[in-house]
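S.K.: model this:
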Amino acid sequence: QAQLVESGGGLVQAGGSLRLSCATNGRTFSSLPVGWFRQAPGKEREFLAVISWSGVSIFYGDSVKGRFTISRDNTKNTVYLQMNSLKPEDTAIYYCAADPEGSWAAPSDYKYWGQGTQVTVSS
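M.R.: Numbering: from 1, shown residues only. Next up, the predicted model:
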């Protein structure tokens with residue numbers, strides 16, 4: 001069973017950058033697609049990005065295209081989300097998730113979730 005732990009969140013000024021990490025206990029991790037989502041207070045969980053097990057296939061949500069980059073290092077059992085040009089509206093709890101079925105863009109597609117890491121962007 002995959003266990004996921006996010007890190008790298010924090011407080012940053014608008015226009016700044018953060019890199020989130022999603023570490024797994026991964027004997028099977030390297031064979032699983034992994035996605036990033038976020039959830040702001042009072043809003044639904046939003047798809048941000050997903051990367052296939054090989055890293056060849058990558059998809060982004062419209063709200064982060066051109067600003068966020070997903071990558072993975074299977075030797076370290078870690079997936080990253082590089083976030084640039086951050087805006088106050090990016091403030092949310094950020095989650096990684098693994099082992100999706102279906103579209104890979106819906107939260108319900110994913111079997112395993114981390115506990116989340118808070119990102120706060122000040123104006």
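
S.K.: Show the pLDDT at the spatially most central residue of the chain.
M.R.: When the chain is reduced to its mean C-alpha position, the nearest residue by C-alpha atoms, centre = their mean turns out to be residue 36, at 2.3 Å. Per-residue confidence (pLDDT) for residue 36: 98.

S.K.: Ignoring the adjacent residues along the chain, who's closest to it?
M.R.: Distances taken as C-beta to C-beta, 6 or more residues apart in numbering place residue 48 nearest to residue 36, at 4.3 Å, with adjacent residues excluded. To be clear about C-beta, it is placed using only N, CA and C from the backbone, and glycine gets the same treatment.

S.K.: what's that neighbour sitting at in phi/psi?
M.R.: phi -110, psi -50 (degrees, to the nearest 10).

S.K.: Let me see the contact set for it.
M.R.: Going by C-beta atoms under 8 Å, 6 or more residues apart in numbering, residue 48 touches 35-38, 60-61, 63-64, 68, 70, 81, 94.

S.K.: So the residue lying farthest from the centre of the chain versus residue 109, what's the distance?
M.R.: Taking C-alpha atoms, centre = their mean, the residue of the chain most remote from its mean C-alpha position is residue 123, at 22.6 Å. Separation of residue 123 from residue 109 (C-beta to C-beta, to the nearest Å): 33 Å.

S.K.: Quick check: nearest residue in space to the residue farthest from the centre of the chain, chain neighbours excluded?
M.R.: residue 88 is the one closest to residue 123 (C-beta to C-beta, 6+ apart), at 4.8 Å.
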